[in-house]
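Chemist: Quick one, what's the 3D model for this:
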Amino acid sequence: MARPFLMAFALLSWTLIRSRSLNSESEVNLLDSKMLEGDTGWMAFPPEGWEEISGYDEFYTPIATYQACHVMEASQDNWLRTAWVPRADAERLYVELKFTLRDCSSIPGVAGTCKETFNIFYRETDSDNADVNSLSPDDYVKIDTIAADESFGQVDLGGRVMKLNTEVRDVGPLTRRGFYLAFQDVGACVALVAVRAFYKHCPQTRRSLSSFSATAAGADATALVEVQGMCLPGAIVVEMAPRMFCSADGEWLVPIGGCSCQPGYQQVMDRCQGPPSPPRELVASLNASWVTLEWSPPSDIGSRMDLAYQVMCQKCAQKVEDVLVSSNSTEMTDGLTRRLNSNGRMTATVAMVPGTENRLKEIAKGGCTPCGEEVRILPGDVDLKETRVAVMGLDSQYDYVFEVASLNGVSSRSPKAPASVSVRLSINSAEFGQVTNIYQESVAKDSLSLSWTAPKHDIGTILEYEITFSEKVQKKVSYTTVKSKWTSVTLTGLKPATMYSVQIRARTAAGFGPFSNAFQFQTSEQSLDLTGEQSQNTIVWLSIVTGLIVLILIVFFLLKGRYCGYSKAKQNCDEEKQYHVKLPGLKMYVDPFTYEDPCEAVHEFAREIDVNRILIEGVVGAGEFGEVCRGRMRLPGGQAAPVAVKTLKAGYTEEQRRDFLCEASIMGQFDHPNIIRLEGVITRSIPVMIVTEFMENGSLDAFLRKNDGQFTAMQLVGMLRGIAAGMKYLADMSYVHRDLAARNILVNSNLMCKVSDFGLSRILEDDPDAAYTAKQGGRIPVRWTAPEAIAFRKFTSASDMWSYGIVMWEVTSYGERPYWDMSNQDVIKAIEEGYRLPAPMDCPVALHQLMLACWQQERTLRPKFIHMVAALDRLIRTPASLSVLANGTPRSPRPYLDPALPAFLAFGSVGDWLEAIKMGRYTDNFTAAGYTSLDAVARMALEDLARIGVTLVGHQKKILNGIQILRAQMVQMQDSGVQV
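Modeler: Numbers count the residues shown, from 1 in each chain. Sure thing, here's the model as predicted:
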């Protein structure tokens, strides 16, 4: 008899589950069988006693239910046990059962064997230690015998009506860390539709300007738990501290005491409105003859909307002792004391923030007085609503202190001065944070070991030093730059008996300080048995002969067209050649494949790291030939920095080793905040390793998918701006990336995006789904590659710009796959026919227009990266331009479609259209709401989908994408179907 009951339940479970009631806010679920997915961990003893049934709730989410119907045989003892459930804060447990039970009288021939009850048990333990293969009833405590208020019979089955019972039992007190629930069938025909275990608590609440945290109810049915309240911000205790009692039913009772607003605050509704916190991120910049002050709104505006700012100015005698003192306001934050030199360059130090006008006399004692009428602050200095002013009429003979205070309607009631932040400026070019002395520690014929003292001025935490050196006597000066995190460095690869000029500058969070004066150091003599004029003549002739040989080899390789196969690292002969010409002030990319030995290029552009300094902590990614690991690099002084380590496994070919090392040679030439930084290489041990900075959030595509919908449009534009800045740097160096995609962008903990993957993945990865194999050989990522690069292998910065447009689409769609499930051949065909990707959901129109500019068929019409950076900067400066979304607005007369998706207008009904996009489950929802034509569907918006019952975010996005394409196809039919 089990099977007929099972079939009946499977047909009618939808009706039963839809009737469930919402949980009270005073109930905290510990177990809800409707929320379990996959393997529930529930066990049946014997295995055939209880049978698991798969059903669906009203959101089409699979759920697990259980039934037993062994009514033909006597002495049934079938057990069903849940997985172990942690009890959290519960002291008393409530178990809610939703079940159906069949009337024994409706089943013929079971009068002596059929039962109409079942039993529920529980067992407390401190860990999940139950035997998975057996169950001992002696270990369990009986809670109750459960009988049905309503049972169903044969008539109910015929009418497709089943009667759902709900029973709640409680047990307590609980003393162990967790528990199991168990159900015993003794011969009933029963189905457990839903099982919920919960405890009651008093939810977080506010009362009398006090807040009370959520509190679990006591173990006893009559217990009252006393809870101490906390005064809300801006409020203080009056007479008695606030407290209430939490009842066993999860209700707050007997309020005692309370709080009221402290002086300077005003009560409005259930909060105290007070003065705002200080402005944030005050920045000063020198523009010709005036200074611009910009800041961000305070983090706390005092729960009011009448925020305003006041700017105060002091002029100070130069070179006086800094007399800025900390504010007596507990909300005051540290400000930045900054100096500007004559070139508009700013360095910064942390300094305490001064007070407001009440402290001007104190500052004046140190040589500062209020600014006179000659200093003008535009648009004004009081009652400011904007976060930007311009200051004119400054005198270079003085330092200036500008203080910006936040105020609102209750600031005048506060006994404290308004919270503020300040900045101090010096318009002259006095040295600040400059390295003054460089010392020679040791010297060799091809290296110099140098050290220096940190700058005397307090310029904040020094992040690193930049060391620039060149030969002192050169017709065409070519500078080499290295970096160091400590106050010493060894310069390698130098010429013997050569004088070098060295300059050093420090970098802090505010940027680079000024360079030191140039210091000269000379390498030792070469170990040749030559002296005087003979030595000089020999060196000259050797230089001439070597130069001629190198020139002949370069011409030979250029004519022969060597290394023309597809590789990002190999800038082939089909694209514009990237010659290395040393010009003053211009750094060019050097193709490492022009070196006969890849190790020579590696040693020129990357530093060798001692393998003992690297500690591998774990593998974060792996391919067929290489692994990417997380590790730490030991620094002098015992500190360690997180790094990423790429390894080349044993069994590699010589070509793979060459390509592996060439990636390091390429990265070592780049120095930009938005390009992944190379720390060094390890080539003198096995395995060979490339060490780079560690990016905590990994690849951009995976990061976006993990955080779908979590960022503002401005944050997304900031990410795109960083990527564009990195690509502009590469384009300026005449380097073509060839594989720009979100998977090759890395993200750090500050959401800074950095371009990576300069050759390694193209050699080691084998992803046939992401690339198209051309007849000429080599793999091309079709979905990201410009049409001329696919057809003619013409890779330029313009083809990188096409790829950047695809990256923009990936970012605004939170990591969706470009062109979805289309094949590579279909993508190529669609692009040739002029179709382009539509705007993702909630994508600003301005960003989609930039994407379309990147996807111009004629590559000369695409923007350059310098223009893209400027365009994104304009969007950042005008946030309102990002508020106009592409969704819900009429499409352009030139629609951009995906022809591989179904031609929706060819379908005769809304149901057919929904089936085409695999959303046929919502056909009844659309019909019931009156959306019976495609015209009506095309006018739907997000709120319409939610109203008719489409509540899953993923389903909403899929249907909205279909609606966008449906609208565009309708416009295309009306406007003659002109394409790009």
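Chemist: and stretch 253-261, which residues are buried?
Modeler: 257-261 (16 or more other CB atoms under 10 Å). To be clear about C-beta, it is placed using only N, CA and C from the backbone, and glycine gets the same treatment.
Chemist: which residues make contact with stretch 66-78 from outside it?
Modeler: For stretch 66-78, the surrounding residues in contact (CB atoms under 8 Å, 6 or more residues apart in numbering) are 1-2, 5-6, 9, 42, 44-46, 49-53, 80, 102, 104, 107, 109-110, 112-115, 118, 183-192.
Chemist: Looking at the buried residues of stretch 253-261, spot the one nearest Thr215.
Modeler: Gly257 (16.7 Å; CB to CB).
Chemist: and the residue lying closest to the closest one once chain neighbours are set aside, how far is that from Val489?
Modeler: Excluding its sequence neighbours, the residue lying closest to Gly257 (CB to CB, 6 or more residues apart in numbering) is Met240, at 3.3 Å. The span separating Met240 from Val489 equals 66 Å under the rule CB to CB, to the nearest Å.
Chemist: Between these two, which has more neighbouring residues?
Modeler: Counted by other CB atoms under 10 Å, Met240 and Val489 do not tie: Val489 has more neighbours, with 23 against 9.
Chemist: what's across from that one in the sheet?
Modeler: Beta-bridge partners for Val489, by DSSP bridges, are Leu450.
Chemist: wait, doesn't it sit right on Thr468?
Modeler: No - contact criterion CB atoms under 8 Å: Val489 and Thr468 do not qualify, at 11.3 Å.
Chemist: Just the strands from the stretch 251-400 of the chain, written as ranges.
Modeler: 252-256, 259-261, 266-268, 271-273, 280-287, 290-296, 308-317, 335-340, 346-351, 368-370, 376-378, 388-392, 398-407 (DSSP state E, counting those that start in this stretch).
Chemist: what about Met588, is that helix, strand or coil?
Modeler: coil (DSSP: H, G, I helix; E, B strand; the rest coil).
Chemist: Dump the buried residues of stretch 253-261 to TSV, plus pLDDT.
Modeler: TSV is the format used below for the buried residues of stretch 253-261 (pLDDT from 0 to 100):
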residue	pLDDT
Gly257	90
Gly258	90
Cys259	92
Ser260	90
Cys261	88
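Chemist: and which of the residues you listed is nearest Arg630?
Modeler: Cys259 (48.6 Å).
Chemist: could you measure that closest one against Asn517, distance?
Modeler: The gap separating Cys259 from Asn517 is 62 Å, by CB to CB.
Chemist: And Glu124, by the same measure?
Modeler: From Glu124 over to Asn517 (counting by CB to CB), the distance is 76 Å.
Chemist: and the residue lying closest to Gln522 once chain neighbours are set aside, what does it touch?
Modeler: Excluding its sequence neighbours, the residue lying closest to Gln522 (CB to CB, 6+ apart) is Met499, at 4.7 Å. The contact partners of Met499, by CB under 8 Å, 6+ apart, come to 471-473, 520-522.
Chemist: again, but for Glu25
Modeler: Glu25 touches Pro203, counting by CB under 8 Å, 6+ apart.
Chemist: Can you turn the buried part of the contacts of stretch 66-78 into a PyMOL selection?
Modeler: Remark: buried members of these, expressed as a PyMOL selection using 16+ other CB under 10 Å:
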select buried, resi 1+5+9+42+44+45+49+50+51+53+80+102+104+107+110+113+114+115+118+183+184+185+186+187+188+189+190+191+192
